[in-house]
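Trainee: need a 3D model of the following:
(chains A and B)
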Amino acid sequence: MIEVSNSLSDQLAACFGERITIEEGGTGITTIKVGVDDWQDVAQTLRDDPRFAFSQLTDLCGVDYLGFGQEEWETHDATSSGFSRGVEGLGPGRFNWQERPEASEIEQRFRVVVHLMSISKNMRLRMSTFAADEGMPVVPSLVEIWNSANWYERETFDMFGIVFEGHPDLRRILTDYGFTGHPFRKDFPLIGNVAVRYDEEKGRVVYEPVEIEPRVLVPRVIRDDSRYTADDIDQAANEAADSLSPGAE
Amino acid sequence: MSEIRNYTMNFGPQHPAAHGVLRLVLELDGEQVVRADPHIGLLHRGTEKLAESKPFNQTVPYVDRMDYVSMMCSEHAYVRAVEKLLGIEAPIRAQYIRTMFDEITRIGNHMLWIGSSGIDLGAMTVFLYAFREREMTIDMYEAVSGARMHANYYRPGGVYRDLPDEVPLYKETRWSKGKDLKRKNEWREGTLLDFIEAFARDFPSKVDEYETLLTDNRIWKQRTVGIGVLSPERALQLGCSGPMLRGSGVEWDLRKKQPYAMYHEMDFDIPVGINGDCYDRYLVRIEELRQSARIILQCVEWLRANPGSVMLKNFKVIPPTREEMKEDMEALIHHFKLFTEGYSVPMGETYQAVEAPKGEFGCYMVSDGANKPYRVHFRAPGFVHLSAMDELVKGHMLADVVAMMGTLDIVFGEVDR
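Mentor: Below you'll find the model as predicted:
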């Protein structure tokens, strides 16, 4: 598997050169980052070039990078604030529709990630790009190249508001008819915006603002201390466990 | 002279053949379908967003509810993604248990599929036969996890507990007693492994029974042969996977091509169709049932011979047992931290896929180093297959839409997520 990946990244580098950035992840799949202008060109080559032959698009999705790497609980230093550290924060589970934050201007907020598969070569590739403008993120559509992108792009448009230029039928797909907002954006509240119920008096379904309070119990915490270097934990934890239960193993 | 117009019809959201909450807007020319526009999302629960606000462990039961007919396969994709990011691997016994339960799940799923698509096309008896066996797969779920459907059994780092030594027995009632009760409990008197083995040994003969009902059935063949033909090229373009792809003659199965868990140790065959119509996809699924039984027997044999741990012993990720907590303060602290905060997963992204009964079920996960995933995306086979609906039914008769819906094997939990 590793040999295949290595030669794949060599071939990718040879074929596209400066236009892509290759990342050999430790998590299995080779990842390439593509500029949004080259998005369709690179995709077309990946499908048609016999060296790659990525005949299938298995998955396409969006990622919103607003608040990436932000935590809700200070873990590096001691602080004088108490429990409230854990119940206050910035995440989507912490506010309702009225209090939602203003859309922040960050560079490279919306990313589109595509997973490709080559049946003949038995390999996968992850390809991603950042949308050009955060106000109205636009990415060229891949429907012409892989037809399976059709609903995925509709879903990504629905959930993140990323517009796919050249998509034949870019409608909302999962949300309700007449829905406002894009629910998977990080500035969209977790509790949602409106609730529906059947009104006996009016004899029809009515929309009302949600009544539930935003409430997330576990704070978002980032810990990157030495506990999590794999070898250390395995060893330490195994020793601890073995000494505890001598008869078990 | 009267004007000839196309007729637009609503199919669903409340329709027994829609297999859930699908609203299908059909444009008809007489009885011929000109265009099909599926409206989905009526079961959209935002699982992916919910997962972003929960520690990694707490999402496992939500994943059960994605494809609520093949629960453990969905869990498998999710826990594999978490394990990959953490850099841990489940013990080998847990991997065998997962392999075995993936196949039990496959049988359960195909039983529901054959039953419901049989009913859709007017074969009532198959449903009754299939649910007889499906009940047993659900009993296995119950014996191992306590839940009949949403098992929450796989965990990052292994499976929740080892296979139990006993299986719940049927109790005596007014309708089930004496010889009848004895027959029902006959397989269940030993351990769970005994039950599973007895089931898997007997199962191929049950598959023969379904085949006598359907394979040469004139009506079944009239409704499925030559309906919804999908060429291998189009199947790939449309993103099909699993039996949909194999029915079109593409020999592609993740269990063989990109093996995970213990599938590389297993001896089984991949059935492939020739014509790519509904009938071929039916034959592929039927053969898969026999192959699943084969895999289960191989797992049972290994599991009998090799007792061992089914969870990693790593207190930074896996909670200690109750007994350990009573004796050791460290264990108690670990338990407290794991259940109030969870574990932080190193920054990175991964995509892990499993061959679920319906096709490739994948989990794409991005972590920024926190105790909750930054983004989770599930690649559901049903979503992609349903998007091919328009192309598949175009030019067919209205009644064939139902046959197509059955052959896609869609479940709205995973389509809408």
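
Trainee: who does the helix or strand where B:Gly382 lies touch, helix- and strand-wise?
Mentor: Using DSSP states H and E, B:Gly382 sits in helix B:381-387. For helix B:381-387, the packing partners by 3 or more Cβ pairs under 8 Å, 6 or more residues apart in numbering or on different chains; DSSP states H and E come out as helix A:149-160, strand B:359-367, helix B:398-408, helix B:412-416. All C-beta atoms are positioned from the backbone trio N, CA, C, and that covers glycine.

Trainee: does A:Pro58 belong to a helix, a strand or coil?
Mentor: For residue A:58 the amino acid is Thr, not Pro. strand (DSSP: H, G, I helix; E, B strand; the rest coil).

Trainee: surely it and B:Glu360 touch.
Mentor: Yes - contact criterion Cβ atoms under 8 Å: A:Thr58 and B:Glu360 qualify, at 6.3 Å.

Trainee: what's the overlap in contacts for the two?
Mentor: B:241, B:353, B:379 (Cβ atoms under 8 Å, 6 or more residues apart in numbering or on different chains).

Trainee: looking at the helices and strands packed on helix B:381-387, which is closest to A:Arg109?
Mentor: helix A:149-160 (9.6 Å; Cβ to Cβ).

Trainee: other SSEs contacting the helix or strand just after the helix holding B:Gly382?
Mentor: Next along the chain after helix B:381-387, taking DSSP H and E as the criterion, comes helix B:389-393. Using 3+ Cβ pairs under 8 Å, 6+ apart, the elements in contact with helix B:389-393 are strand B:32-39, helix B:398-408.

Trainee: show me where pLDDT drops low in chain A?
Mentor: Counting by pLDDT under 70, chain A contains low-confidence ranges at A:1-6, A:25-27, A:75-88, A:103-105, A:134, A:224-249.

Trainee: all strands for it, in order.
Mentor: A:20-24, A:30-34, A:56-64, A:110-118, A:123-130, A:138-140, A:163-165, A:194-199, A:204-209 (DSSP state E).

Trainee: which residues sit against the helix holding B:Gly382?
Mentor: Residues contacting helix B:381-387 (Cβ under 8 Å, 6+ apart): A:148, A:150-151, A:155, B:22, B:38, B:40, B:67, B:238-242, B:244, B:356, B:358-361, B:408-412, B:414-415, B:417.

Trainee: picking that back up, just name the most buried of the strands of chain A.
Mentor: strand A:56-64 (a mean of 26; mean count of other Cβ atoms under 10 Å in any protein chain shown).

Trainee: counting by contacts, list what it packs against.
Mentor: Partner elements for strand A:56-64 (3+ Cβ pairs under 8 Å, 6+ apart): strand A:110-118, helix A:149-160, strand B:359-367, strand B:375-379.

Trainee: one more time with 6 Å, if that's ok
Mentor: strand A:110-118, helix A:149-160, strand B:375-379 (3 or more Cβ pairs under 6 Å, 6 or more residues apart in numbering or on different chains; DSSP states H and E).

Trainee: wait, isn't B:Asn109 in contact with B:Met71?
Mentor: No - counting by Cβ atoms under 6 Å, B:Asn109 does not reach B:Met71; the two are 9.3 Å apart.

Trainee: more neighbours: which of the two?
Mentor: Comparing B:Asn109 with B:Met71 by other Cβ atoms under 10 Å in any protein chain shown, the one with more neighbours is B:Met71, at 29 against 25.

Trainee: distance of the closest residue to the more buried one other than its chain neighbours relative to B:Asn152?
Mentor: Of all residues not flanking B:Met71 in the chain, B:Asp64 sits nearest, at 4.4 Å (Cβ to Cβ, 6 or more residues apart in numbering or on different chains). Using Cβ to Cβ, to the nearest Å, we find B:Asp64 at a distance of 6 Å from B:Asn152.

Trainee: looking at the two, which has the bigger crowd around it?
Mentor: B:Asp64 (24 against 18).

Trainee: pretty sure that one sits against B:His150.
Mentor: Yes - using Cβ under 6 Å, B:Asp64 is in contact with B:His150, at 3.9 Å.

Trainee: overlap in contacts of those two?
Mentor: Shared contacts of B:Asp64 and B:His150 (Cβ atoms under 6 Å, 6 or more residues apart in numbering or on different chains): B:Met71.

Trainee: closest to B:Pro271 out of the helices and strands packed on strand A:56-64?
Mentor: strand A:110-118 (20.7 Å).

Trainee: what does the closest one rub up against?
Mentor: Taking Cβ under 6 Å, 6+ apart as the rule, strand A:110-118 contacts A:53-54, A:56-63, A:124-131, A:137, A:139, A:162, B:351.

Trainee: parallel or antiparallel, list what pairs with that strand.
Mentor: Paired with strand A:110-118 in the same sheet, following DSSP bridges, are strand A:56-64 (antiparallel), strand A:123-130 (antiparallel).

Trainee: mind checking how far the shortest one is from the chain centre?
Mentor: In this case it means strand A:123-130. 13 Å (Cα atoms, centre = their mean, to the nearest Å).

Trainee: got the angle for that strand vs strand B:359-367?
Mentor: Here strand A:123-130 runs at an angle of 50 degrees relative to strand B:359-367 (axes from the mean of the first three to the mean of the last three Cα atoms, to 10 degrees).

Trainee: what residue is smack in the middle of chain B?
Mentor: Closest to where the C-alpha atoms of chain B average out (Cα atoms, centre = their mean) is B:Ser70, at 2.4 Å.

Trainee: mind listing what that residue touches?
Mentor: Contacts of B:Ser70 (Cβ under 6 Å, 6+ apart): B:105, B:109, B:356-357.

Trainee: could you redo the last one with a cut-off of 7 Å?
Mentor: B:105-106, B:109, B:356-358 (Cβ atoms under 7 Å, 6 or more residues apart in numbering or on different chains).

Trainee: and for B:Val376?
Mentor: B:48, B:51-52, B:363, B:365.

Trainee: which of those are buried?
Mentor: By neighbour count, with 16 or more other Cβ atoms under 10 Å in any protein chain shown, those hold B:48, B:51-52, B:363, B:365 as buried.

Trainee: turn those residues into JSON lines, including distance to chain A and pLDDT.
Mentor: Compiled in JSON lines, those are given as follows (distance: Cβ to the nearest Cβ, whole Å; pLDDT from 0 to 100):
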{"residue": "B:Glu48", "distance to chain A": "7", "pLDDT": "91"}
{"residue": "B:Ala51", "distance to chain A": "11", "pLDDT": "91"}
{"residue": "B:Glu52", "distance to chain A": "7", "pLDDT": "89"}
{"residue": "B:Cys363", "distance to chain A": "10", "pLDDT": "92"}
{"residue": "B:Met365", "distance to chain A": "9", "pLDDT": "92"}
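
Trainee: and these, which two are furthest apart?
Mentor: Longest span within these, Cβ to Cβ: B:Glu52 and B:Cys363, 13.7 Å.

Trainee: how about the residues of the stretch 251-400 of chain B near chain A?
Mentor: Residues of the stretch 251-400 of chain B found near chain A (Cβ under 7 Å from any Cβ of the partner chain) are B:252, B:257, B:313-316, B:324, B:328, B:330-331, B:341-342, B:344, B:346, B:348-351, B:360, B:362, B:364, B:366, B:368-372, B:374-375, B:377, B:379, B:383-384, B:387.

Trainee: from those residues, keep the buried residues only.
Mentor: For those, a burial check counting by 16+ other Cβ under 10 Å picks out B:252, B:313-316, B:324, B:328, B:331, B:341-342, B:344, B:346, B:348-351, B:360, B:362, B:364, B:366, B:368-372, B:374-375, B:377, B:379, B:383-384, B:387.

Trainee: related to what we said a few turns ago, out of the helices and strands packed on strand A:56-64, which comes closest to B:Leu230?
Mentor: Short answer: helix A:149-160, nearest of the helices and strands packed on strand A:56-64 by Cβ to Cβ, at 15.9 Å.

Trainee: CA atoms only: put the closest one into PDB for me.
Mentor: Extracted C-alpha coordinates of helix A:149-160, given in PDB (Å, rounded to 0.1, in the frame of the first residue of the first chain):
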ATOM      1  CA  ALA A 149     -20.800  14.900  -7.700                       C
ATOM      2  CA  ASN A 150     -24.300  16.200  -8.500                       C
ATOM      3  CA  TRP A 151     -26.000  15.600  -5.100                       C
ATOM      4  CA  TYR A 152     -22.900  16.000  -3.100                       C
ATOM      5  CA  GLU A 153     -22.500  19.500  -4.500                       C
ATOM      6  CA  ARG A 154     -26.100  20.300  -3.800                       C
ATOM      7  CA  GLU A 155     -25.700  19.000  -0.300                       C
ATOM      8  CA  THR A 156     -22.500  21.100   0.200                       C
ATOM      9  CA  PHE A 157     -24.300  24.200  -1.200                       C
ATOM     10  CA  ASP A 158     -27.200  23.500   1.200                       C
ATOM     11  CA  MET A 159     -25.100  23.000   4.300                       C
ATOM     12  CA  PHE A 160     -22.300  25.500   3.700                       C
END
